[in-house]
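Asker: Provide a 3D model corresponding to the input given below.
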Amino acid sequence: QIQLVESGGGVVQSGGSLRLSCAASGFILADYAVGWFRQDPGKEREAVSCITSSGGRTNYLDSVKGRFTASRDNAKNTVYLQMNSLNPEDTAVYYCAASPKSVPFYADYNYWGQGTQVTVSS
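Answerer: Numbers count the residues shown, from 1 in each chain. Next up is the predicted model:
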């Protein structure tokens, strides 16, 4: 069964850190670029970061640059999102998604996780 499962969300105070994990099963995550997305109720889903299949290239939403870092451990079939200096505007459900394209657009993501809630209190 093909699955992506996020974990690591929670409640943290402003300025704190969390590390999200995205674990894949049923397919080889190393063959896929992985994106992180977030969505707050009433808002559109936005792309936060993307990491290529090799991990050699990453890109980030402007508002998280310098605070968030995507990485991957292909031996563990897992991708991570380290989030530092969190602020209340980062509060959202965070999703990971996998795409076979090297530079995927939103529609290119085949597999999605169920999401993990991140809440940052002021």
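Asker: center of this protein - which residue?
Answerer: Closest to where the C-alpha atoms of the chain average out (CA atoms, centre = their mean) is residue 36, at 2.7 Å.
Asker: Sketch out the strands for this protein, chain order is fine.
Answerer: Residue ranges of the strands in the chain, as given by DSSP state E, are 3-7, 10-13, 18-25, 33-39, 46-51, 58-60, 68-73, 78-83, 92-99, 111-112, 116-121.
Asker: Quick check: buried residues in the second one?
Answerer: By neighbour count, and taking 16 or more other CB atoms under 10 Å as the criterion, the buried residues in strand 10-13 are residue 12. Quick note: C-beta positions are derived from backbone N, CA and C, even for glycine.
Asker: So which residues make contact with it?
Answerer: Contact partners of strand 10-13, identified using CB atoms under 8 Å, 6 or more residues apart in numbering, comprise 18, 86, 117-121.
Asker: could you redo the last one with a cut-off of 10 Å?
Answerer: 16, 18, 20, 83, 86, 88, 90-91, 116-122 (CB atoms under 10 Å, 6 or more residues apart in numbering).
Asker: Of all those residues, the one with the weakest confidence?
Answerer: When the contacts of strand 10-13 are sorted by pLDDT, the bottom entry is residue 122 at 92.
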